[in-house]
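Asker: Dropping the sequence and predicted coords here.
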Amino acid sequence: MTRRTARRVGFLGLFALAPLPMLFLEGALVPAARYALLAALSAAVVVSEGASSAGTGIALIFAAHALGYGLLCWGAAALLARALCALPRPLGSVWLWGLLALGIALVLRFDVYRTPFGRAPWGNLLDALS
């Protein structure tokens, strides 16, 4: 696996799975993909209902979180790719796919996300992204 592919796979895994806090809301821990989803939905509401100061502000807060955490995930994925590409070629790929599979299994099985906008206070990946 090339470093570029490892970085992309690592980024997608971190962006979709890593529980990250929301700075203006106490206790929220959801993946950056949730912030991107909320930014898109709130922007759609602002466009369809007309621009209001509150709606625009909320859309900008979610977009800033998604962009900021996206950059953080990209940097962490670049470091992970560099470390894994230093290993022999098949071993680095096995580690990357193994870490991704373990992460997916953990976030699907356990309630690791605190979802203040969801149905329950804690949830797994399906609850966080729904």
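Answerer: Cool, the structure landed.

Asker: Identify the residues contacting stretch 31-50?
Answerer: For stretch 31-50, contacts defined as CB atoms under 8 Å, 6 or more residues apart in numbering pick out 14-20, 22, 52, 55-56, 58-59, 62-63, 65-66, 69-70, 73, 113, 115, 117, 125, 128-129. For the C-beta atoms, the positions are set from N, CA and C on the backbone; glycine is no exception.

Asker: Tell me where this protein has strands.
Answerer: Using DSSP state E, the strands of the chain run over residues 20-21, 29-30, 113-114, 122-123.

Asker: Burial check on Phe40, number of neighbours?
Answerer: Wrong residue type there; residue 40 is Ala, not Phe. By the criterion of other CB atoms under 10 Å, Ala40 has 14 neighbours.

Asker: quick one, longest helix in the chain?
Answerer: helix 53-85 (DSSP state H).
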